[in-house]
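Q: A predicted structure for the sequence below; I have some questions about it.
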Amino acid sequence: MLPAAQEHILAQADGKARSRRNVVQARSFADLLEQAIRKYENRAIETAQVIEELIALARQMRDAVARGGSLGLSEDELAFYDALASGEQPSNSSG
């Protein structure tokens, strides 16, 4: 088993690759994270609430990854679907 730091780095690299594929989903998660941080900075929520929101965000991200598999779509197909559903112009990240 890899040490925790190596596992964390590998997970980050996987997340970065996934966010480049599915820009719509990445923007959504980035917006949610930014909102949680902004509420904390404005003293609208306590530290424990920020942690709860971050845990909820992590669960949403995990569920989003599983969603493609449950629909029988590859990551690229899911990214294309999400772009169409959001009304954004799909982009080809490979070139």
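A: In hand now; what should we look at?
Q: give the contact list for Glu52.
A: By Cβ atoms under 8 Å, 6 or more residues apart in numbering, the contact set of Glu52 is empty. All C-beta atoms are positioned from the backbone trio N, CA, C, and that covers glycine.
Q: Helix or strand with the lowest mean pLDDT in this structure?
A: helix 4-21 (a mean of 51; mean pLDDT, DSSP states H and E).
Q: what's the following helix or strand after that helix?
A: Downstream of helix 4-21, the first helix or strand assigned by DSSP states H and E is helix 23-41.
Q: Enumerate the positions of the following helix or strand past that following helix that are buried.
A: Per DSSP H and E, the first helix or strand lying C-terminal to helix 23-41 is helix 47-71. Under the neighbour-count criterion of 16 or more other Cβ atoms under 10 Å, helix 47-71 has Glu53, Leu57, Met61, Ala64, Val65, Gly68 buried.
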